[in-house]
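1. sequence plus the predicted model coming up.
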Amino acid sequence: MKHPMKRPNLFFIALVASLLFAAPLAADTPTSSAVLLKPFVDKHELAGAVALVADKRKVVSVETVGFADIEAGKPMKADSLFWIASQSKGITAAAVMIVVDAGEIALDDPVENYLPEFRGQMVIAGKDGDKVTLKKPSHPITIREVLSHVSGLPFRSDIEQPTLDALPLVDAVKSYAKTPLQTEPGTYYQYSNAGINTAARIIEVVTGKKYEDFMDERLFNPLGMKDTTFWPNEEQISRLAKSYRPNATKDDLVEFPFGQLLYPLNDRSKRFPMPAGGLFSTAQDTALFCQMLLNGGELNGKRYVSEAAFKELTTRQTPKSIPNSYGLGLAVGSDWFGHGGAHATNMEIRPSKGIVMIWMVQHGGFPGEGEKAQGVFKNWAMERFGK
């Protein structure tokens, strides 16, 4: 007796076919940045990261890995908030250039033209033990010099202790004016929060607006940077990634607070805007600012800084005699410009590659090889999305 023919198992055939044909497709699929970064998280060398790549028009990749809060098991998310610290410098410099474009100030104007407290400022001529000899500088410091760290101003003044955000901007800047210049203006690179803060104070004097209001009106709101602020609100704080550093034995991560900032972070009565390093932001918000720069000063049909201002921002301003290559509020390389932050965040614009790379982490150092994670991401981004 012949057995009746069984109907073919369509599910089984489909499954076999999917296995047969999936292998070659998977081999052609580009590796994601998250796959490359996960080993750093697994080895407790990196807490977590948001890695974003954008071109002139759109975000082409945003991936997350690891944790925003390790102890709570809270995963890093695309909208996690970060203290971007000194990345604020480039954003402040762009705001200054908006005022330059308006013809209200010029880069080579002496700072004392707008802030009279700087008149008569002296420079250190020599030190002998506790004795300090002062002399008149070769010229008054200029706006260009305070934006490029060659003014001779110190990193901060003595009264900005223990945090950097406890003084109103007007008072902080007055303290810089009372501090002797450490070097002759224009001759030496001295990384200086004081210089960037001074430039921001000029915005206030010239425009009659508070610095933070000017930033909102001229950059953050028009660009759509809805999560960029000096005072994160309760909802934003709930998205704030915690910061980590190596433990005592340097084989794991331990949480630590933002030591340069006052808590609570949303207290506007005791915390003041710090133009050189006070901003909080997300990867997406920071990308909008960087896309504007990638487009030469405009985004989505709106121009924020002129072509001339963009060139000043992104061209080396430091003398050739100085090894440090710095523009206005931005570090400048042969084919890139950008800036990092104190807790290891970074933004980098590569015009020749046509991309922006945003690296968002919160680290005060890394165990093992964790510091290499940023380079792994950037190499991947340039190979995958660069022209």
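-> All right, it came through fine.

2. how about the helices in the chain?
-> With DSSP state H as the criterion, the chain has helices at 10-28, 33-42, 88-101, 143-147, 169-177, 193-207, 211-215, 221-223, 234-237, 283-294, 307-314, 373-385.

3. now the ones you listed as TSV including distance to residue 80, mean neighbour count and mean pLDDT?
-> The C-beta positions use only the backbone N, C-alpha and C, and glycine is treated the same way. Below are those laid out as TSV (distance: least, Cβ to Cβ, whole Å; neighbours: other Cβ atoms under 10 Å; pLDDT from 0 to 100):
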stretch	distance to residue 80	mean neighbour count	mean pLDDT
helix 10-28	29	9	38
helix 33-42	14	18	98
helix 88-101	18	24	98
helix 143-147	30	27	98
helix 169-177	28	20	98
helix 193-207	25	24	98
helix 211-215	22	21	98
helix 221-223	19	15	98
helix 234-237	10	13	98
helix 283-294	8	24	98
helix 307-314	28	18	98
helix 373-385	16	19	98
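
4. right, and those - which one's nearest residue 64?
-> helix 33-42 (6.9 Å; Cβ to Cβ).

5. quick one on the thing from earlier: for the helices of the chain, which one sits closest to residue 118?
-> Closest of these to residue 118 is helix 169-177, at 4.6 Å (criterion: Cβ to Cβ).

6. measure how that closest one sits relative to helix 193-207, angle-wise.
-> Per axes from the mean of the first three to the mean of the last three Cα atoms, to 10 degrees, the angle that helix 169-177 makes with helix 193-207 is 130 degrees.

7. got a pLDDT number for residue 387?
-> pLDDT, residue 387: 89.

8. excluding chain neighbours, what is closest to it?
-> Leaving aside its sequence neighbours, residue 387 sits nearest to residue 354 (Cβ to Cβ, 6 or more residues apart in numbering; 4.7 Å).

9. burial check on that neighbour, number of neighbours?
-> Around residue 354 sit 14 other residues, with neighbours defined as other Cβ atoms under 10 Å.

10. ok, it to residue 333 distance?
-> 16 Å (Cβ to Cβ, to the nearest Å).

11. now residue 385
-> Distance from residue 385 to residue 333, by Cβ to Cβ: 19 Å.

12. repeat for residue 322
-> For residue 322 relative to residue 333 (Cβ to Cβ), the value is 15 Å.

13. can I get the helices of the chain in JSON lines with distance to residue 250?
-> Shown next, in JSON lines, are the helices of the chain (distance: least, Cβ to Cβ, whole Å):
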{"stretch": "helix 10-28", "distance to residue 250": "38"}
{"stretch": "helix 33-42", "distance to residue 250": "15"}
{"stretch": "helix 88-101", "distance to residue 250": "30"}
{"stretch": "helix 143-147", "distance to residue 250": "37"}
{"stretch": "helix 169-177", "distance to residue 250": "35"}
{"stretch": "helix 193-207", "distance to residue 250": "29"}
{"stretch": "helix 211-215", "distance to residue 250": "39"}
{"stretch": "helix 221-223", "distance to residue 250": "40"}
{"stretch": "helix 234-237", "distance to residue 250": "30"}
{"stretch": "helix 283-294", "distance to residue 250": "28"}
{"stretch": "helix 307-314", "distance to residue 250": "37"}
{"stretch": "helix 373-385", "distance to residue 250": "16"}
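
14. residues in contact with the closest residue to residue 94 other than its chain neighbours?
-> Nearest residue to residue 94, sequence neighbours excluded (Cβ to Cβ, 6+ apart): residue 305, at 5.9 Å. By Cβ atoms under 8 Å, 6 or more residues apart in numbering, the residues touching residue 305 are 94, 97, 98, 101, 297, 313.

15. so which of the residues you listed is the closest to residue 55?
-> For the contacts of residue 305, the nearest to residue 55 is residue 297 (16.5 Å; Cβ to Cβ).

16. can I assume the closest one is in contact with residue 310?
-> Yes: between residue 297 and residue 310 there is a contact under Cβ atoms under 8 Å: 3.9 Å.

17. to residue 253, which of the helices of the chain lies closest?
-> Of all those, helix 33-42 sits nearest to residue 253, with 9.9 Å by Cβ to Cβ.

18. surely residue 44 touches residue 252?
-> Yes: Residue 44 lies in contact with residue 252 (Cβ under 8 Å); the separation is 4.9 Å.

19. find residues that contact each of those two.
-> By Cβ under 8 Å, 6+ apart, the residues touching both residue 44 and residue 252 are residue 367.

20. more neighbours: these two, which one.
-> The residue with more neighbours, out of residue 44 and residue 252, is residue 44; 19 against 15, by other Cβ under 10 Å.

21. might you report the residue contacts of the more buried one?
-> 251, 252, 253, 367, 368.

22. and these as TSV, adding distance to residue 134?
-> As requested, the contacts of residue 44 are exported to TSV (distance: Cβ to Cβ, whole Å):
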residue	distance to residue 134
251	49
252	49
253	46
367	45
368	48
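
23. among those residues, which are in strands?
-> Among those, the members falling in strands are residue 253 (criterion: DSSP state E).

24. are any of the contacts of residue 44 buried, and which?
-> 253, 367 (16 or more other Cβ atoms under 10 Å).

25. nearest to residue 66, of the helices of the chain?
-> Counting by Cβ to Cβ, and looking across all of the helices of the chain, nearest comes helix 33-42 at 4.0 Å.

26. and the spatially most central residue of the chain, what is it in contact with?
-> Closest to where the C-alpha atoms of the chain average out (Cα atoms, centre = their mean) is residue 87, at 2.4 Å. The contact partners of residue 87, by Cβ under 8 Å, 6+ apart, come to 279, 281, 286, 339, 340, 341, 345, 346, 347.

27. same check on residue 298?
-> Residue 298 neighbours (Cβ under 8 Å, 6+ apart): 292, 304.
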